[in-house]
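Peer 1: Below are the sequence and a predicted model; questions follow.
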Amino acid sequence: MAEAAVSFLLQNLKDLGIHIHSLHRDANKELQGLNDDLELLQAKLKDAAAAINVSCEAEFRVRENRIRKVVYDAEDLIDDYATQELAIGKWLRWEFRKIDLAAKLKGFRNEIKSILEDKFLSKSSSATSTRSDDPITKKRQTAPLTDKIVVGFEDEIEKLIANVRNDDAPGVQVISITGMAGLGKTTVAWKIFRDPLIEHDFPTRIWIAVSQEYKERKIYLDILKNFTSQDFSNMAYQELVNKSKDYLSQVKFLLVVDDVWTNGAWEDIKRALPMTKGSGKVLMTSRHEAVANYAMTHELPPHRLRYLDEEESWELLQYEVYGNKTGWPSDSETIGFKISEKCGGLPLAIVVIGGILKEKIDPPESRKAEWEVVSESTQKYIWEDDKEETMKKIITLSYDTVPYSLRDCLLYFGVYPNNMEICVWNLTRLWIAEGFIKEKDRSKQSLEEVAVEILKELIRRNLVMVDKRNHRGEVKTCRVHDMIREFCKNKANDEKLFQLISKPSEQEPFSPSVDKVREFHRISIHSHAVDFLEKKPKGPHTRSFLCFSKHDINVPQSTLKSIVDAFERLRILEVTLIKFPIYHIKLAKLNHLRYISLAAGDNFKSLPEPIAFLWSLQTIVIDTSHLTFEIKADVGELRRLRHVKTKAGIVFSGRMKDKSNDYLQTLNSLSAESCKDGEVLSKTPNLQTLGVCGDLTSLVDSTCFKNLKCLTKMKMIKVSERPLDGFLADANFPPRLKILTLSGTNLEWGYMSTLGRLSRLEVLKLKDNAFKGDEWKVSLVEFRKLQYLHIDRSNLLMWIVEDGSLPELAALFLNNCERLRAVPPSLAKTLQTLEMGLVTRSAKQSAERMREEKRTRNWGELKLKIAPGT
């Protein structure tokens with residue numbers, strides 16, 4: 001939305017004042033005036049956006065596009081002057097240009113004043129708003145996010161489960177579910193996948209999301225990770241295929257392949273299947289019946305999913321809005337039934353409409369009238385004879401209820417490929433770098449926390465789906481339905497928010513054509529990225545370049561230079577799937593970069609000192625196979641840097657000055673070498689997440705972590721052979737630590753008592769022989785707040801837990817504990833989830849006894865998951 005662009009420019013003006021104050025004092029009057037005008041425009045836009053209705057939205061959109069154009073042009077001017085002065089820093093040259101700057105700023109002010117005088121905006125902003133100014137913090141009456149309830153299809157699911165369980169036919173059998181988008185194929189497949197009878201019959205169950213733009217290697221890697229924690233990411237393609245087939249041939253498996261689009265995609269999946277020798281089933285979903293027929297085996301035809309009937313539609317709507325069938329107010333039942341009826345039996349349509357109605361529950365006195373408006377809208381814009389058109393109209397209706405402050409965040413999902421699993425950490429940092437996230441007045445929430453709240457709100461509105469959660473219930477990955485993604489892509493194009501560049505095949509041209517690039521503010525490309533760059537595009541106004549390729553791309557040395565030459569004003573460079581062989585000096589010329597994510601090749605081992613010129617940089621993500629990665633810039637010079645994320649141990653080798661970085665929150669893999677003298681950590685007092693890897697023996701007597709008052713998450717990985725005797729003898733851990741991971745440390749179990757005294761510790765992960773020895777005894781005074789414990793690869797034999805110990809432990813993960821005799825029975829009362837892989841038969845039996853004890857004593861259900869081969 002235009003208001004987000006105005007907010008971003010206001011922040012730029014603030015940054016300009018901080019960084020080059022002494023260089024622009026003669027233009028100060030115009031800069032201050034521009035700031036005042038923009039603040040007034042921002043307030044008017046916010047009020048107008050909250051007050052407009054569907055009938056005047058087109059007019060409002062015309063004004064928004066005009067505002068966005070003025071703001072983008074002003075942005076270019078401000079950024080160019082900031083770049084020149086920071087790079088040159090010569091007073092004489094500033095004197096030569098200052099009059100020109102002042103004159104251009106005055107021109108922008110005149111345009112903004114003209115917009116402010118627009119009668120339409122004035123009229124809209126003075127109208128009474130019906131939208132909530134703060135949709136995120138508004139009190140909710142609905143339940144927290146849970147797994148979706150499946151309504152209808154009981155008969156379909158029962159029949160499909162019978163087909164999956166049928167063992168009459170030899171070899172691998174394919175069962176297919178077909179139907180249009182939004183009909184519920186994935187939901188039905190998930191219900192089957194989680195059915196207790198299926199879980200009993202198939203010890204190995206694997207779920208693969210395929211979609212239109214899939215990666216063959218990822219399919220095989222996703223299969224393999226269900227059998228082993230070994231990293232196969234660098235294995236050759238054919239070896240991956242063979243390895244997948246070998247593992248699958250040894251077990252009875254159910255493989256769900258969701259959203260298969262083409263015969264070619266099925267062939268790629270089939271290569272990994274032991275079709276004649278195996279003892280498994282494949283459950284496929286596809287909207288294309290021809291694909292399902294192509295994959296058919298054993299004369300079992302595809303199952304064509306039906307639409308919901310009227311009663312099922314009404315029941316599903318009740319669950320979506322109130323979470324049950326009894327909460328619906330009696331005075332609005334006729335309205336509700338009429339709305340559900342107009343959804344044409346499409347579950348996705350009902351779910352999205354439910355998201356609209358949920359927003360209008362409060363206040364109760366206006367609820368019926370608000371729902372009447374929704375009912376009228378469904379009558380006016382939706383018809384049943386065209387199901388796909390029905391779905392599009394319902395998504396539009398839902399979008400119209402989304403507050404303007406959230407719309408850019410929602411539309412941004414359109415930059416991703418269909419059905420892509422999206423990392424929430426990266427997504428929220430991209431939102432921040434794009435300027436979509438604003439700090440709340442009188443709130444202590446960070447930008448990152450606000451971004452997560454926005455994501456939760458979009459999930460609550462049934463527009464975004466949760467894909468994976470972490471052990472604390474937080475959303476790790478998410479995705480959007482491909483119909484919603486298509487809407488986001490098209491709407492963003494109309495709003496000029498971003499442009500997707502596509503090339504259907506080698507023979508066809510890019511669409512839009514490469515020469516049109518100069519018109520676009522943000523660009524996303526999913527294929528043929530190297531071909532695109534070789535055509536030397538020129539995007540003088542392009543601020544974001546995102547590449548999400550189907551395959552990892554190895555590129556020539558000149559490619560990074562080509563990107564810089566093409567897009568000189570970039571703020572976002574998301575090219576993780578492009579592997580750059582070396583660093584190119586021109587990267588430091590992208591002075592406005594806020595977010596950079598790329599893959600480093602064999603000779604790309606460092607970021608040189610000029611990276612400090614990137615004075616707006618917030619997030620660095622480096623995908624590299626090197627053990628260490630060097631950053632030669634002073635961390636204090638990178639004044640806006642908030643996050644550095646890479647698997648390699650970061651070595652800060654630049655000359656450290658007196659400046660500190662108060663913004664830095666994440667250093668997820670710092671080398672022990674850069675920790676030992678405490679200099680880097682002393683300059684980053686507000687770190688919240690820290691990883692340390694390398695020779696940890698140098699930190700045995702160090703107190704470098706003790707003063708990190710904000711640190712809540714810490715990971716330590718030892719990669720040397722030297723013993724760590726005494727490493728945990730003194731409790732030198734930060735006082736607020738909540739999450740701790742230790743890997744490869746080979747400490748004696750006796751040292752666990754030190755960790756047990758960390759009063760706020762909630763999550764503990766012990767990996768790759770973090771501790772060694774036969775026995776671990778947990779006393780009553782240790783780990784009083786621990787909620788999640790993960791032990792992977794340990795030679796532990798006896799684990800003794802006193803009654804009453806670990807009083808809050810709810811989740812336990814045990815893997816590669818091939819000597820452990822039993823899970824301590826004293827954990828039964830609090831434990832809710834237990835996952836096991838490669839453990840002894842006696843440990844497995846103790847877990848099953850624990851589950852029965854919980855049932856017998858009415859302590860709740862234990863979710864027990866035991867991996868294949870255990």
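Peer 2: Perfect, thanks for sending it.
Peer 1: got the CA coordinates for stretch 761-768 in PDB?
Peer 2: Coordinates of each C-alpha in stretch 761-768 appear next as PDB, following Å, rounded to 0.1, in the frame of the first residue of the first chain:
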ATOM      1  CA  LEU A 761      16.200 -22.900  30.700                       C
ATOM      2  CA  GLU A 762      13.200 -24.200  28.700                       C
ATOM      3  CA  VAL A 763      14.800 -26.000  25.800                       C
ATOM      4  CA  LEU A 764      17.900 -28.200  25.800                       C
ATOM      5  CA  LYS A 765      19.300 -30.000  22.800                       C
ATOM      6  CA  LEU A 766      22.200 -32.400  23.100                       C
ATOM      7  CA  LYS A 767      23.500 -33.600  19.800                       C
ATOM      8  CA  ASP A 768      26.400 -35.700  18.400                       C
END
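Peer 1: Figure out how far that stretch is from the centre of its chain.
Peer 2: With CA atoms, centre = their mean, to the nearest Å as the basis, stretch 761-768 stands 23 Å off its chain's centre.
Peer 1: For that stretch, what does the pLDDT average out to?
Peer 2: The average pLDDT for stretch 761-768 rounds to 94.
Peer 1: Just the buried positions in it, please.
Peer 2: Taking 16 or more other CB atoms under 10 Å as the basis for neighbour counts, the residues of stretch 761-768 that come out buried are L761, E762, V763, L764, K765, L766, K767, D768. Quick note: C-beta positions are derived from backbone N, CA and C, even for glycine.
Peer 1: Just those: which are in strands?
Peer 2: Taking DSSP state E as the definition of strands, these contribute V763, L764, K765, L766, K767.
Peer 1: what's the closest of the residues you listed to G171?
Peer 2: For those, the residue nearest G171 by CB to CB is K767; the value is 38.2 Å.
Peer 1: Name the helix or strand for the closest residue in space to T830 that isn't next to it in sequence, please.
Peer 2: What sits nearest to T830 in space, not counting adjacent residues and going by CB to CB, 6 or more residues apart in numbering, is L809, at 5.4 Å. Secondary structure assigned from DSSP states H and E places L809 in neither a helix nor a strand.
Peer 1: and L809, how many residues sit next to it?
Peer 2: Under the neighbour criterion other CB atoms under 10 Å, L809 is assigned a count of 21.
Peer 1: wait, it sits on L831?
Peer 2: Yes - proximity of L809 to L831 meets the contact threshold set by CB atoms under 8 Å, at 6.2 Å.
Peer 1: The helix or strand hosting V651 - contacts with which helices or strands?
Peer 2: When elements are defined using DSSP H and E, V651 is found to belong to strand 649-652. Using 3 or more CB pairs under 8 Å, 6 or more residues apart in numbering; DSSP states H and E as the contact criterion, the elements in contact with strand 649-652 are strand 628-631, strand 666-671, helix 672-675, strand 689-694.
Peer 1: So for W207, which of those sits nearest?
Peer 2: Distances from W207 to each of the helices and strands packed on strand 649-652 were compared using CB to CB; the shortest belongs to strand 666-671, at 27.5 Å.
Peer 1: what's the distance between the closest one and the middle of its chain?
Peer 2: Its chain's C-alpha centre lies 20 Å from the corresponding centre of strand 666-671 when counted by CA atoms, centre = their mean.
Peer 1: That one to strand 689-694, inter-axis angle?
Peer 2: Between strand 666-671 and strand 689-694, the angle formed by their directions is 10 degrees, by axes from the mean of the first three to the mean of the last three CA atoms, to 10 degrees.
Peer 1: on that earlier part again, can you give me how far the strand holding V651 is from the chain middle?
Peer 2: Distance, stretch centre to chain centre, for strand 649-652: 25 Å (CA atoms, centre = their mean).
Peer 1: contact partners of that strand?
Peer 2: Defining contact as CB atoms under 8 Å, 6 or more residues apart in numbering, one finds that strand 649-652 is touched by 627-631, 634-635, 644, 667, 669-674, 680, 692-694, 719.
Peer 1: follow-up on the earlier one: as CSV, the ones in strands among the buried residues of stretch 761-768 with distance to E802 would be great.
Peer 2: Putting those into CSV (distance: CB to CB, whole Å) gives the following:
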residue, distance to E802
V763, 21
L764, 18
K765, 23
L766, 20
K767, 25
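Peer 1: Go through those residues and name the one nearest Q557.
Peer 2: K767 (37.0 Å).
Peer 1: What residues does that closest one make contact with?
Peer 2: Shown in contact with K767 (CB under 8 Å, 6+ apart): T741, L742, S743, G744, H790, D792, R793.
Peer 1: just checking, L255 touches K270?
Peer 2: No - using CB under 8 Å, L255 makes no contact with K270, being 10.7 Å away.
Peer 1: Between these two, which is the more surrounded one?
Peer 2: L255 (25 against 14).
Peer 1: Quick check: next helix or strand after the lowest-mean-pLDDT helix or strand in the chain?
Peer 2: Comparing helices and strands within the chain by mean pLDDT, DSSP states H and E singles out helix 119-126 as the least confident, with a mean of 60. Downstream of helix 119-126, the first helix or strand assigned by DSSP H and E is helix 154-165.
Peer 1: Now the helix or strand containing K468: average pLDDT?
Peer 2: Secondary-structure assignment from DSSP H and E places K468 in strand 465-469. Taken as a whole, strand 465-469 has a mean pLDDT of 89.
Peer 1: Strands along the stretch 201-350 of the chain, start to end?
Peer 2: Applying DSSP state E, counting those that start in this stretch to the stretch 201-350 of the chain gives strands spanning 204-209, 252-258, 279-286, 303-304.
Peer 1: Show me which of those strands has the highest average neighbour count.
Peer 2: Mean neighbour count (mean count of other CB atoms under 10 Å) peaks for strand 279-286 among the strands of the stretch 201-350 of the chain, with a mean of 24.
Peer 1: List the contacts of it.
Peer 2: 160, 164, 172-178, 185-186, 188-189, 192-193, 202, 204, 248, 251-261, 266, 269, 273-274, 292, 295, 302.
Peer 1: quick revisit: which of the helices and strands packed on strand 649-652 sits closest to T428?
Peer 2: Using CB to CB as the measure, strand 666-671 is the one of the helices and strands packed on strand 649-652 that comes nearest T428, at 12.0 Å.
Peer 1: could you give the angle of the one helix or strand I620 maps to to strand 666-671?
Peer 2: When secondary structure is defined using DSSP H and E, the element that contains I620 is strand 619-623. Here strand 619-623 runs at an angle of 50 degrees relative to strand 666-671 (the same axes, to 10 degrees).
Peer 1: elements contacting strand 619-623?
Peer 2: Judged by 3+ CB pairs under 8 Å, 6+ apart, the packing partners of strand 619-623 are helix 424-434, strand 595-600, strand 643-646.
Peer 1: Buried residues, stretch 573-584. List them.
Peer 2: Under the neighbour-count criterion of 16+ other CB under 10 Å, stretch 573-584 has L573, E574, V575, T576, L577, I578, K579, F580, P581, Y583, H584 buried.
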